[in-house]
Every structure is written in C-alpha cells, then in structure tokens.
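# following is a predicted model, sequence given first.
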Amino acid sequence: MGMEQAWVLPAIPASLFVLIALFNGLMPRRGDFLAILGMLTVVALVFVIMVDFTQSFEGGLFSPGTANAYAFDWINIGEGFFFIEFSTYVDAITMVMLPVVTIVALMVLVYSTGYMHGEPRYGWYFAVLSLFVAAMLTLVISGNLIQLYLAWEGVGLASYLLIGFYWERQSAAEAAKKAFITTRVGDVGLLIGIILLWRATGTFDIQEIIAAATTGQIGETYLTVAMIFLFGGAIGKSAQFPLHVWLPDAMEGPTPVSALIHAATMVVAGVYLVARFSPVYAEVLIARDVILYIGLITAFMAATQGLVANDIKRVLAYSTVSQLGFMFVALGVGAVGAAMFHLFTHAFFKALLFLGSGSVIHATHHQEVEGLGGLRHKMPITTVTFIIGSLALAGIPIFAGFWSKDEILHYVSDDNAFVYVALAATALLTAIYTTRLVLLTFFGEPKDHHAYDHAHESGPAMAIPLLILAVLATVAGFFVFDQVGEALGFAGGIGYLVYIDHPHEFTTVDWAFAGTAAGTSLIGLIIGWAYWHGDAERARRARLWAPDMHAFLVNRWYMDNMYQAIINRVILGLAGAVAWFDKKIVNETGVDGGAQTVGYFGYRLKFLQTGKIPNYALGMAVGIVALTVVAISG
Amino acid sequence: MIPIENFLILSAILFAIGFYGVLARRSAILILMAVELMLAGVAINFIAFATYLDADAFSGLVFALFVITVAAAEVGLALGVVLRLFRERRTANVDEANSLKW
C-alpha cells in the first residue's frame, strides 16, 4: 500500500455512503459507527501513504517523489483527441491536504454522534458526510481536471444536502439553494478555464498542462484569461468577493457540518486548486495580481462584518471568509508554502472554534451572543478549548495561527507595502473580533438567565474532539521549524515541503518581524478587551456614535441587497422577456399560428365537397383533360 | 378500304356524346346509359386499330370483348346501387344524393 493506491482513500467513504444511505434503517445506531470506523481506516491509510511519500520525496512541487497512477480510461475519442481518465497524483500539496481532511473529518464524525443525537434523519447525515469526504478526497488526489471538476461538484452537492439538512426550516432551504447557485456561478468560470486549457494543450492532465504552460507553449494572453477563469471557480467555492455571500447563510446547517465543510475542507478547495496551478500562475502575473487583490478585499471586508455580527456561527463564518482571503493573498504573491501552511493550521483551529460553538449551542439552544455570557463557569472544557482556538485565530505566539499568519505577512511585506499594511490591519481586526466573541460568550454577566441555567458541559463524544483539536491548534504551527519536519521524516519543515523554485528557510525566523506581528495581535486583544469586557459599555456607545456604519456592516455591506436587486431587475426582467417571447412568438404565432393556418385553409377547401355527383364527375373530367394535356406536351 | 380515320372519328363522337351525357344528365339511369356509350366508343377504337394496323395481332379484338364483359358486370352493380338509392330516396335524381357533403 503506497501512493499508487491512493484511490482507495475515497473509495472507502464512497462505498460507506451507499451502504449507510440505503441500509441505515437496518443498522444498529443507524450506521454512525460504520462511518467512524471507515474514517479511522482512512486516517490510518493516510499515514501509511505518508510514510511511503517521505521515502521518495525530495522536496518541492516538481520533485520526483510523486505518484501518478491511472486506474482506468473513461472516454477516449479519436485516439487521444478527447481523453478522460481516472488518475491520481500525490505530491506535497496532497500530503498537506490529506491529514487535514481526514483528521478533521474524523473529529467531526465523533463529535456528531453527540451533537446530532436524537435528530431526525440521523443515518442520512452520516451517509452524506461520508459522501462529502469521498468527494473531497477525490478532489485532492485527482490528477486531471475533469475528475477534479466532478469531485468539485460532488462536494458542492454534499454541502447543499447538509446545509439544507433541516429543510423543514425555510431559511435552511433558501440557504442551501443560495450556496449551490452562488458556487455554480463560479463553477461556470472553472469549466470555461478547463476547456480553454484543454483547447490549448489537448489534455486534461494537470501535470501535462503545467508543463505545457511553464515551457511557454500557450500564448500569454490566452493563458492569463484561462487562469482567471479557473480562479473564478475558486472565488465561488472558497467564498471570495464577490461570491462570498453564501457562506454566512450556510450556517443554517448543523454545526459539525459547518466545522467540516465550511471551515476546514470544502472552502479550501479553491486554495488547493490555485496552489496546484501555482507554477502556471507564476507565469501570468496579471492573474496572480487579480487573486491578490480579491483575497485582500475579501479578507478586509469579512473582518469588518465579523465585528458586528451577533450569531456565534456568523462571526466564525466571516472569520473563515477572511482567513481564506489571507490564503489567497499569500497565493497572490507566490507564497504557496505559506498559503498551504495557513490552510493547514486554519483547518484545525477553525474546526475547533466551530465545534466549540456547537457545544455552546447544544447546551444553551442559543446562537446570538446577545443572549449569552458568563458561560465559563458552566462549561470549562469548552471555554478553554475555545480560547485556545481564538488565540490561534488571533495570531498569538506559540499557537498555530501565529506561525502561518506571520509567514504570510512576511512574504507580503517583501512584495508590496500597501498590501502588507492592509493585511496587517485585517489581522488587527481579526484579533479584535475574536476577543469580542470570546468575551461576549464566555465572560461577563449572563444576559439570558434561562439559557445560562440550561448550560452544561458537553458529553465525552463532543469534548474529546475538542481537546484533540485544541492540542493540534497549539502544536500544528511548529511544523514551520525544520527540526520538527525532520523528526517526522520529511526533508524539513513546511518550507521544504511545498515550494516552486527554492525552499523557504523557516528555521531562521525573523524575530523582529514576528515581534511586530505578535504585537499587532496583542494590541487587537487589548482593544477588544477594552470595548467588550464586562457589560460592553464602550461598544454600545461606539455603536450609537456611528449607527450608519454599524448598519452597513451588519447588512454585509449591502451586498445581499445588491444581488437581490440584480436578480429582481436583470435576471427576472430577462426571464420575463424570454417568457414573453416564448408565449407570444413561439406559442401563439408558431404553434397556434400553424394550426390555425391549416384550419383556415381546411375551412375554405371543405366547400369543395358538395356531395353532388355531377360536381365530382366534372372534377374528374377536368383532371383527365389536364393530365392529357400534360402528357401530350411533356 | 374505308380509311381508318372514319372509324376513329365515329368512336370519338360516340365517346364525346357519352362524356357529355355523364356530366349533364340528372337521372342515374341515363348517366349509366351514357357510360355505356363511352365504352362503345372505346371498343370501336380498339377494333379499328386492331384491324387496320396488324391483322394478325388481334389483341385489340380481345380487348373489345373484355370491354363488353366488364361493361356488363359494372352495369349490374351500378343498377343495384341505383335501386338501393331509389328505395331510400324515392328518386333517381343524382342531384338529390348529396348527403356526403361538408
């Protein structure tokens, strides 16, 4: 069992999906243990593959420590003209994604046995989660773009099914629809990009396309356009501006789903895609700049919205969008290693934060921070793990988020001063809203005593994943050091794992720079404490001082209103025009008109049938004469 | 020999009179008589050509016999129909048998 058998990884959850979906009524506990066992197997196999990988890996994205395995050809038209196959490709990026996806999925599955206990459609929940994991694993190991696109749509489907899990609630059904349609808009761009690349290179295989692009076989303008379209898919799936509007609403789904799909795995599919093609993006710097600025706008915009959101999950959703923006900024300056590293750490601490919020929601049946407070007395484990996750998110040293965010800021500062300042400001905002969330939820006086009285610590099914993820959120950052990487069998730390041209020396951390980053986060913490501790007096006064700004942020910069206006006027208007065309021209003129013409002629002609025999005889005579004339003259 | 044109003109006149009769008569039986006239004209035409063009090939004469036979059968059937019509409508007037109309 090695990298060649990577296809086994998605096969296990895929078959479990079918089994659990069809037969969960017959299984004890509706099959949840089966999903967890399957996931454990997958995690074990990931480690086996990792061992195999470290033995042959030499570093970087072009290293020979990669395995390209074909399972079967699917479509072959014209002897290779149009050729789709099932292929897997395991390299450094895959090795970063695989532990992330599988470990977080395992934690979420275990957590769900506690959280979703007693919910309707319990078996279906585990089935769709298995489907999601299968699709996500296919995505990260796929070697060609068509397979990636299929898996891309697969994770979108699983996301739709899970966001709309409580479909009896109208808001959940609407949110699921919004998520799928918004990401679909991005997927159109992705498909166009795939087709453009195929037209230029004749193949769907990712490595062949990268080779063709980097050796200059594709025209520069053409390649730029194709890569921007490809990024369009990432914009949709990874909730970047302007297609970020679905992620906050996706919080309608169960919280473990939000932890897995909308924090750690699916939304990073876009980051994965761009990272995969980073050698190509290095050739078309215009496209890379597009990525940079969209990521920056998204990061800043979402951070401002997180400042005023009331629902715990909403704040975390905005935070996810913002951190994804960070990753795209890193990709936008060519720092693939930093982006993948931030993906790695973010997955753990964001999943931790979401599961912690789920713990709060499960205990208090409340989601608005306006109604919480003082929960640290009642829920100690949740409080401690949530604080660890928040410190990681805010970028406090030691915890994982600090190292990855510091790396991104480092790379950006080398490149572009304006972007660095904007990103540092966003990091400051991150620390501020994180502190706000923690203070309002766990500290201060309880605002809703009913909820407070109900609050209790969660059972072991929910607490153990929290603890494991808290440990990971603390230590995952140390992967930046080469000593840690070597201890695990790699050539070095993350810098030696994922790079394009040369490895980044992470061992010599620039302490002055790191100090600045840590200082920014601490300042954010202090500001947050100043405004929101106790009874948040300062925050209330600030809101009264700038009500319009507050409304602007609460209403998500009015982007949803803008989209609704576009839909109402442009799309529905266009639809009305097309409907008019269909009704008036196609239906009435074309179909009815044709029938009516025939009817009209029929009416006029029917009077020929008088029923009088002499008339018919005359007709025959005329016909005979005419035929004779024609016969003689012809 | 009598020139062939005389016979052909005779047959044409008979056919024409019969043709006119079919179109212009109201009584069904008169129409049938006119049809007989047309058939007679046609038969004379065939016999004339058979006799004058090739005396050994008498297919034209055989065809004239066929015409007579078929005419007899057809008139039998037609008179049956006319009788039926008469019993229903009490008239042999063809103008009044016009119920199969629009």
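Perfect, I can see it now.

# quick one, helices of chain B?
Taking DSSP state H as the criterion, chain B carries its helices at B:4-24, B:28-53, B:59-89.

# can you tell me which of those helices is packed in deepest?
Most buried of the helices of chain B, by mean neighbour count (mean count of other Cβ atoms under 10 Å in any protein chain shown): helix B:28-53, with a mean of 18. Where C-beta positions appear, they are placed from N, C-alpha and C, glycine not excepted.

# quick check: which helices or strands does it pack against?
When contacts are defined as 3 or more Cβ pairs under 8 Å, 6 or more residues apart in numbering or on different chains; DSSP states H and E, helix B:28-53 sits against helix B:4-24, helix B:59-89.

# hang on, the earlier thing: save the helices of chain B as a markdown table, and put in mean pLDDT too.
What follows is the helices of chain B, written out as a markdown table (pLDDT from 0 to 100):
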| stretch | mean pLDDT |
| --- | --- |
| helix B:4-24 | 93 |
| helix B:28-53 | 93 |
| helix B:59-89 | 92 |
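
# now those helices in CSV, with distance to A:R538?
Formatted as CSV, the helices of chain B follow (distance: least, Cβ to Cβ, whole Å):
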stretch, distance to A:R538
helix B:4-24, 113
helix B:28-53, 115
helix B:59-89, 110
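
# right, and those - which one's nearest A:H365?
helix B:59-89 (91.0 Å; Cβ to Cβ).

# quick check: angle from that closest one to helix B:28-53?
Angle of helix B:59-89 versus helix B:28-53, following axes from the mean of the first three to the mean of the last three Cα atoms, to 10 degrees, is 180 degrees.

# now A:A44: how far from A:P256?
For A:A44, the distance to A:P256 equals 22 Å [Cβ to Cβ, to the nearest Å].

# so B:I68 sits against B:A43, correct?
Yes - in terms of Cβ atoms under 8 Å, B:I68 counts as a neighbour of B:A43; the distance is 6.8 Å.

# now do the contacts for A:G373.
Contacts were defined as Cβ atoms under 8 Å, 6 or more residues apart in numbering or on different chains; by that measure A:G373 touches A:440-448, A:452.

# which of these count as buried?
Neighbour-count burial (16 or more other Cβ atoms under 10 Å in any protein chain shown) applied to the contacts of A:G373 gives A:440-444, A:446-447, A:452.

# put together a markdown table for those, with pLDDT and secondary structure on each row.
Below are the buried ones among the contacts of A:G373 laid out as a markdown table (pLDDT from 0 to 100; DSSP: H, G, I helix; E, B strand; the rest coil):
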| residue | pLDDT | secondary structure |
| --- | --- | --- |
| A:L440 | 84 | helix |
| A:T441 | 84 | helix |
| A:F442 | 83 | helix |
| A:F443 | 82 | coil |
| A:G444 | 75 | coil |
| A:P446 | 75 | coil |
| A:K447 | 73 | coil |
| A:Y452 | 74 | helix |
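
# nearest to A:G519 among these?
Closest to A:G519, out of all of the buried ones among the contacts of A:G373 and judged by Cβ to Cβ, is A:F443, at 23.6 Å.

# now do the contacts for that closest one.
Taking Cβ under 8 Å, 6+ apart, one finds A:373-374, A:376, A:533 in contact with A:F443.

# which of those sits closest to chain B?
A:G373 (89.5 Å; Cβ to the nearest Cβ).

# so that closest one, which state does it fall into?
Per DSSP: H, G, I helix; E, B strand; the rest coil, the secondary structure class of A:G373 is coil.

# tell me, how many neighbours does the closest residue to chain B within chain A end up with?
Chain B sits closest to A:G611 of chain A, with a gap of 3.1 Å, by Cβ to the nearest Cβ. For A:G611, the neighbour count with other Cβ atoms under 10 Å in any protein chain shown is 14.

# how about the residues of chain B by chain A?
Within reach of chain A by Cβ under 8 Å from any Cβ of the partner chain, chain B has these residues: B:19, B:22-24, B:26, B:94-95, B:97-102.

# list the contacts of residue 36.
As the question left the chain open, I've gone with chain A. By Cβ under 8 Å, 6+ apart, the neighbours of A:I36 are A:106, A:109-110, A:113.

# try again with chain B
So B:E36 contacts B:18, B:71, B:75 (Cβ under 8 Å, 6+ apart).

# tell me the one of those nearest A:N68?
Using Cβ to Cβ, the contacts of B:E36 come closest to A:N68 at B:A71, 92.7 Å.

# check whether that closest one really touches B:L37, as I assumed.
No - applying Cβ under 8 Å as the test, B:A71 and B:L37 come out as separate, 10.5 Å apart.

# A:N76 - that's part of a helix, no?
No - checked against three-state DSSP, A:N76 lies outside a helix; its state is strand.

# settle this for me: it is touching A:F83, isn't it.
Yes - in this structure, A:N76 is within contact of A:F83 by Cβ under 8 Å, at 5.3 Å.

# which one's more surrounded, the two?
Higher neighbour count among A:N76 and A:F83: A:F83, with 19 against 12, using other Cβ under 10 Å.

# residues contacting that one?
Going by Cβ under 8 Å, 6+ apart, A:F83 touches A:73, A:75-77, A:203-204.

# kindly report the same for A:K177.
Going by Cβ under 8 Å, 6+ apart, the list of residues near A:K177 reads A:160, A:164.

# state the helix or strand in which it lies.
Assigned by DSSP states H and E, A:K177 falls within helix A:170-201.

# ok, then the element right after that helix?
helix A:206-214.

# can you confirm A:M107 is in a helix?
Yes - counting by three-state DSSP, A:M107 is located in a helix.

# where's it relative to A:A392, distance?
Taking Cβ to Cβ, one finds A:M107 at 15 Å from A:A392.

# need the three-state assignment for the nearest residue to A:A259 once chain neighbours are set aside.
In space, and not counting its chain neighbours, A:A259 is closest to A:F354: 3.5 Å by Cβ to Cβ, 6 or more residues apart in numbering or on different chains. Of the three states, A:F354 takes helix according to three-state DSSP.

# hang on, isn't A:F354 packed against A:T255?
Yes - under the criterion of Cβ under 8 Å, A:F354 makes contact with A:T255 at 6.0 Å.

# who has more neighbours out of those two?
Ranked by neighbour count (other Cβ under 10 Å), A:F354 and A:T255 place A:F354 first, with 31 against 26.

# can you tell me how far the more buried one is from A:M379?
Taking Cβ to Cβ, one finds A:F354 at 16 Å from A:M379.

# okay, buried residues for the helix or strand hosting A:M549 please.
Using DSSP H and E, A:M549 sits within helix A:547-554. Buried residues in helix A:547-554, counting neighbours by 16+ other Cβ under 10 Å, are found at A:L553.
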